[in-house]
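Peer 1: structure for the following, please:
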Amino acid sequence: MLERLNRDDRLLLLKFVCAFAWADDVVEEGERRFVRRIMGKLALSADEVNDVESWLLVPPPPEELDPAKIPVEYRQVFLGAVRAVLFADGNVSPEEEAKLAALQRALG
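Peer 2: Sure, this is the predicted structure:
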C-alpha cells in the first residue's frame, strides 16, 4: 500500500509518523529505526530524506498535521504506521496513547 502513495501523501505519512515519535518529547532509537525502515520502502528524493531526517531532530510543526488532509483510502495505513512507531521503542506512554486516540477520533 505504501508504494501507491503519491509524493505529498508519502511526506504527510512520514510527517505524522515523526510527529508521533515525538509524542513523549523524545525520539528513541527504535523509533528512528522504524522511520528509516519506512523511508527505505518509499522512493524518496534526497531532499525528502533530508526533510524526514530533520523531523527526527525537531518535530514537524503541529499546523502541518491536519488529519483532514489524510486521504480516506489511506487512513488505516496512516493509523497503522503511527501505532507501529509508538510501539517501536517498546514503551507506549499515556501521552502517546492519548494522541493516538485523538487521531483515531479525528479520522472517524
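
Peer 1: centre-most residue in the chain?
Peer 2: The C-alpha lying nearest the average C-alpha coordinate of the chain belongs to residue 17 (C-alpha atoms, centre = their mean; 1.0 Å).

Peer 1: is it true that that one touches residue 37?
Peer 2: No. Applying C-beta atoms under 8 Å, one finds residue 17 not in contact with residue 37, separated by 10.5 Å. C-betas here are computed from N, CA, C, even on glycine.

Peer 1: rewinding a little: residues contacting the residue nearest to the centre of the chain?
Peer 2: Neighbouring residues of residue 17 by C-beta atoms under 8 Å, 6 or more residues apart in numbering: 34, 35, 38, 81, 82, 85.

Peer 1: now do residue 19
Peer 2: Applying C-beta under 8 Å, 6+ apart, we find residue 19 in contact with 55, 59, 60, 62, 65.

Peer 1: could I get the contacting residues of the first one?
Peer 2: It refers to residue 55. Counting by C-beta under 8 Å, 6+ apart, residue 55 makes contact with 14, 15, 18, 19.

Peer 1: can you pick the most crowded of these?
Peer 2: residue 18 (26 neighbours; other C-beta atoms under 10 Å).

Peer 1: okay, that one: pLDDT?
Peer 2: In the predicted model, residue 18 carries a pLDDT score of 98.

Peer 1: and residue 91, by the same measure?
Peer 2: The pLDDT attached to residue 91 in the predicted structure is 87.

Peer 1: so residue 18 sits against residue 36, correct?
Peer 2: No. With contact defined as C-beta under 8 Å, residue 18 does not reach residue 36; the gap is 11.0 Å.

Peer 1: common neighbours of these two, please.
Peer 2: Between them, residue 18 and residue 36 share no contacting residue under C-beta under 8 Å, 6+ apart.
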